[in-house]
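Q: I would like the atomic coordinates for the input below:
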Amino acid sequence: MRHFKLTIAYDGTDYFGWQMQSDKPTIQGEIVTVLRRLTQENIVLHGSGRTDAGVHALGQVANFHTQSGLSAAEFQRACNALLPPAIRIVDAEETGPAFNSRWSATGKIYRYRIYRGKVVPPMLWRYVLHYPFPLDEPAMCEAATRFTGIHDFTSFAASTGSEDDDKERTAQREIYSAELIRSPDGEELWFTVHGRSFLRYMVRKMVGTLLEIGRGKLRPEDIDRLFELKDRSQSGPTAPPQGLVMVEVSHQEGWRLGRT
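A: Modelled structure (predicted):
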């Protein structure tokens, strides 16, 4: 058995998220269909995390195993020839059996883009939230740093849809860094957050809360209060998906072929 790691970029606009669904187009579903065609095997593809409908990726990571004799480079070329243009395999590598895109991950970086100009250029509208109205950006920047550290993010996550699952899951997460800055061209606000793992809608709820702070409806110090409240109804709304991109997933050393 051989094991492969794929690094994937995609425009999620026209897809119903990462995870396979029987009746809707998804990123995972498109890639699995191609891999099964190439190998004539019932390929199972594991992703490092699920992105929601409309969310994009520059560095999603997935892994699969196969009996196929194709090389990593051949898998990359063949997948890119057969996949829709909105999905690209930007890298493919053969790994050892210990590698798992989800459980070997040590961190993920997400970025949310808020376009501040009066008119969104046509080539950007699929990838930004347009908000041209006044915002207290210094307050938002101060608030963003308060997400750093180990906290209970119940107030910043959506329900799983099951009361029992909500009670059993842990909402404690570690955020290594979080910052809100102006993009180099000055036209956008970029909220970039780096953490070990994230809850459902967590980054988008964080952004929605930052926007409430920018509007003056909340204060930067309310972030600490929201951690204590553990009440998602008290934080800001969930920001729209199109501004969010999974930038990068890092993995622990030792996953490459021939290492444990």
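Q: and the helix or strand where residue 140 lies, how far from the chain's centre?
A: Taking DSSP states H and E as the criterion, residue 140 maps to helix 137-145. Taking Cα atoms, centre = their mean, to the nearest Å, one finds helix 137-145 lying 22 Å from the centre of the chain it belongs to.
Q: After it, heading C-terminal, what element do we hit next?
A: strand 149-152.
Q: And the next helix or strand past the least confident helix or strand in the chain by mean pLDDT?
A: When each helix and strand of the chain is scored by mean pLDDT, DSSP states H and E, helix 163-168 comes last, with a mean of 50. Under the assignment DSSP H and E, the closest C-terminal helix or strand after helix 163-168 is strand 172-182.
Q: quick one: the helices in the chain?
A: 27-39, 72-82, 137-145, 163-168, 202-214, 222-229 (DSSP state H).
Q: and the fifth one, average pLDDT?
A: In this model, helix 202-214 has an average pLDDT of 98.
Q: circling back: buried deepest among the helices of the chain, which one?
A: Across those, averaging neighbours per residue (mean count of other Cβ atoms under 10 Å) puts helix 202-214 on top, at a mean of 25. All C-beta atoms are positioned from the backbone trio N, CA, C, and that covers glycine.
Q: centre of the chain versus it, how much separation?
A: Relative to the chain's own centre, helix 202-214 is displaced by 16 Å; criterion: Cα atoms, centre = their mean.
Q: Okay, angle between that helix and helix 222-229 too, please.
A: Angle of helix 202-214 versus helix 222-229, following axes from the mean of the first three to the mean of the last three Cα atoms, to 10 degrees, is 130 degrees.
Q: Show me what helix 202-214 is packed up against.
A: strand 105-115, helix 137-145, strand 172-182, strand 188-195, helix 222-229, strand 244-251 (3 or more Cβ pairs under 8 Å, 6 or more residues apart in numbering; DSSP states H and E).
Q: Okay, now the sheet partners of the third one, with direction.
A: Looking back up the chat, that one is strand 172-182. Sheet pairing for strand 172-182, assigned by DSSP bridges, gives strand 149-152 (antiparallel), strand 188-195 (antiparallel).
Q: If you count neighbours, what's buried in the last one?
A: Going by neighbour count (16 or more other Cβ atoms under 10 Å), the buried part of strand 188-195 is 188-189, 191-195.
Q: before we move on, what about the shortest one?
A: Within strand 149-152, the residues that qualify as buried by neighbour count (16+ other Cβ under 10 Å) are 151-152.
Q: for it, the distance to its chain's centre please.
A: 19 Å.
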